[in-house]
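**Q** what would the 3D arrangement of this be:
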Amino acid sequence: MRRLAAALRLVAVGVWEISRANLRLATLVLNPRRANRPRFIRVPIRLRGDAAITALANLITLTPGTLTVDVAPDRSSLLVHVFDLEEEGAAVAEIQNRLERAVAEVFE
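**A** Residues are numbered from 1 along each chain as shown. Alright, predicted model coming up:
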């Protein structure tokens, strides 16, 4: 039952993040005067299992404006492309605190 509840929370977090990112990305694209700031960031992760890392990487990629590009050979971090990066620390913290935490509850 605990994993089922965690899986439902993961789905809810995913839907919320995807919806929120869609609105933010639409605002950026439709505002021609605002230049986007694309960047690559390295996101340290605590997940160790293949399924958990894959789920996190896919969830990041499904979120509009972000794309998981690579997993470090030692599986300690993900390389993520962000369409419009305001602050690297905030983006890393958001991925770790919202997405990675939700994935960890299901897989570990």
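
**Q** wait, a helix at residue 42?
**A** No. Counting by DSSP: H, G, I helix; E, B strand; the rest coil, residue 42 falls outside a helix, being strand.

**Q** can you tell me the SS state at residue 33?
**A** Under three-state DSSP, residue 33 comes out as coil.

**Q** what about residue 88, distance to residue 42?
**A** 9 Å (Cβ to Cβ, to the nearest Å). C-beta coordinates here come from the backbone N, C-alpha and C atoms, glycine included.

**Q** just the strands in the chain please.
**A** For the chain, the strands defined by DSSP state E cover 39-44, 66-71, 77-82.

**Q** with distance to residue 15, mean pLDDT and mean neighbour count added, can I get those in TSV?
**A** Output for those, formatted as TSV (distance: least, Cβ to Cβ, whole Å; pLDDT from 0 to 100; neighbours: other Cβ atoms under 10 Å):
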stretch	distance to residue 15	mean pLDDT	mean neighbour count
strand 39-44	21	98	16
strand 66-71	16	96	18
strand 77-82	20	98	19
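
**Q** so for residue 26, what pLDDT did the model give?
**A** Reading off the confidence values, residue 26 has pLDDT 88.

**Q** give me the residue at the spatial middle of the chain.
**A** residue 60 (3.2 Å; Cα atoms, centre = their mean).

**Q** ok, the closest residue to it other than its chain neighbours - contacts?
**A** Distances taken as Cβ to Cβ, 6 or more residues apart in numbering place residue 68 nearest to residue 60, at 4.7 Å, with adjacent residues excluded. For residue 68, the contacting residues are 56, 57, 58, 60, 61, 78, 79, 80, by Cβ atoms under 8 Å, 6 or more residues apart in numbering.
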